[in-house]
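Asker: Provide a 3D model corresponding to the input given below.
(2 chains)
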Amino acid sequence: MNFRFPKHEKLKSTKTIERLFAQGKSFSKFPLKLIFLPQELEKPTQASFAVPKRSFKSAVDRNRIKRQLREAYRLHKPLIIANNGKNFALIFLYFSKDKPKYAELEKVMATLLKKLRDETT
RNA sequence: AAAGCAGGCCGCCUUAUCGCUUCGCCCUAGGCGAAGAGGAAAGUCCGGGCACCAUAGGGAAGCAUAGCGGUUAACAACCGUCGUCCGUCAUUGACGGAUAGGACAAGUGCAGCAGAAAGUAUGUACAGGUAAGGCUGUAGUGAAACCAGGUAAACUCUAUGCGGUGAAAUGCCACGUAAACCUGUGUUCGAGGGUUCCCGCCCGAUACAGGAGGGUAGGCAGAUUGAAUAUGUUGGUAACGGCAUAUCUAGAUAAAUGAUAAGGCCCAAUUUAAUUUGGGAACAGAACCCGGCUUACAGGCCUGCUUUUUAU
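Answerer: Residues are numbered from 1 along each chain as shown, chains lettered A, B, ... in the order given. From the prediction side, this is the model:
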């Protein structure tokens, strides 16, 4: 099992992100929204996490939520990587206005990733 | 011991598992080791370093500072001291606190109550005086009544200082494209541009301005060895400086420094104590680097002074 989340699996390209917001498909389950597109050729599945400044004014809170999101993704990403060969570009949006509990975040993350796997195979 | 005031310091810890960033070593796509947020990293309010610009010169404007002396790379910061004001003890001093503190004899403006009148002065009563007259004195109101009046965190004046931009700066490498097209202007008789404004100066030709459209948006340097930190010693009332020894202490870039579990510890609620439940602690996240200022801050510790109580 590979639970690592190194730099090259982080979505950084401005172009790809703009394309995601313009054309990406999405589904949500409170408090997360997942936006996704098939990845360009020869690139691994990449993910990125966003917490709007509007909801959380403090940088400390935003950082903490992003870290928890990243942790939840890191531990559950084998769900989408394991068998099928398809790669994705992903963005996770946190749209609640309250601080999350990690256990709930983890549950939501798992269901979202399962849904993504089931709908694209 | 308690309370108050002033100053300074700390601001969760340990272990396990799974991860992230940088560096080093094995020797390669993995493993091992080391290091990894703050006192304010915040606000971006001052001052520097550093870099670039087509010289940055004069005048005006603007902004800042304002007893005196010192510290500093520099400052609007800091230290000392004098003056002024306030408080306490007390009696002409001591202690503590505050203080943007140059000029009102250039001009302009402003001034509650009281008072006839508050800046173009001059009413009443009494006394004196004159050719005549607030011409002179006293009384009365007020902090102040003509005195070169008071007031500049009022305009203003004086002295001193200030070129601009700001790491998205800047340099190099790689990749890609369009030195193409349309319109206008222009090449020493100067289009256009830089300097806040004026003058002056400077740049300037395969150029400049506009239109429509195309490409890139990666890497390295800048960038963490520095007005550095710690200890000792030494000069100075102090701010701060000298010398010696030791140390290397985040370097990310859609932005690492974390997540989970257990225990300790702290806080809140419950309770006779125990226990149980909740929170992880307050304020808050480096972004070129320093020196300050301002603002936010749960809880704890230390030092000094004052008061009260207890003991001697």
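Asker: What separation do you get for the residue lying closest to A:Ser96 once chain neighbours are set aside and RNA strand B?
Answerer: Spatial nearest neighbour of A:Ser96, excluding adjacent residues (Cβ to Cβ, 6 or more residues apart in numbering): A:Pro31 at 3.3 Å. Quick note: C-beta positions are derived from backbone N, CA and C, even for glycine. Separation of A:Pro31 from RNA strand B (Cβ to the nearest atom of the strand, to the nearest Å): 15 Å.
Asker: Per-residue pLDDT of A:Pro31, please?
Answerer: Listed pLDDT for A:Pro31 reads 73.
Asker: do A:Ile81 as well
Answerer: Looking at A:Ile81, the pLDDT reads 65.
Asker: where do the helices sit along chain A?
Answerer: Remark: helices assigned in chain A by DSSP state H are A:14-23, A:59-76, A:78-81, A:102-120.
Asker: Burial check on the residue nearest to A:Ser96, number of neighbours?
Answerer: 17 (other Cβ atoms under 10 Å).
Asker: residue contacts, it?
Answerer: Counting by Cβ atoms under 8 Å, 6 or more residues apart in numbering, A:Pro31 makes contact with A:Tyr94, A:Phe95, A:Ser96, A:Pro100, A:Val108.
Asker: before we move on, what about A:Ile91?
Answerer: A:Leu11, A:Ile17, A:Leu20, A:Phe21, A:Gly24, A:Leu34, A:Ile35, A:Phe36, A:Ala47, A:Ser48, A:Phe49, A:Ala50.
Asker: nearest to RNA strand B, of the residues you listed?
Answerer: Among the contacts of A:Ile91, A:Ile17 lies closest to RNA strand B (Cβ to the nearest atom of the strand), at 3.8 Å.
Asker: rewinding a little: dump the helices of chain A to TSV, plus mean neighbour count.
Answerer: Formatted as TSV, the helices of chain A follow (neighbours: other Cβ atoms under 10 Å):
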stretch	mean neighbour count
helix A:14-23	12
helix A:59-76	16
helix A:78-81	18
helix A:102-120	15
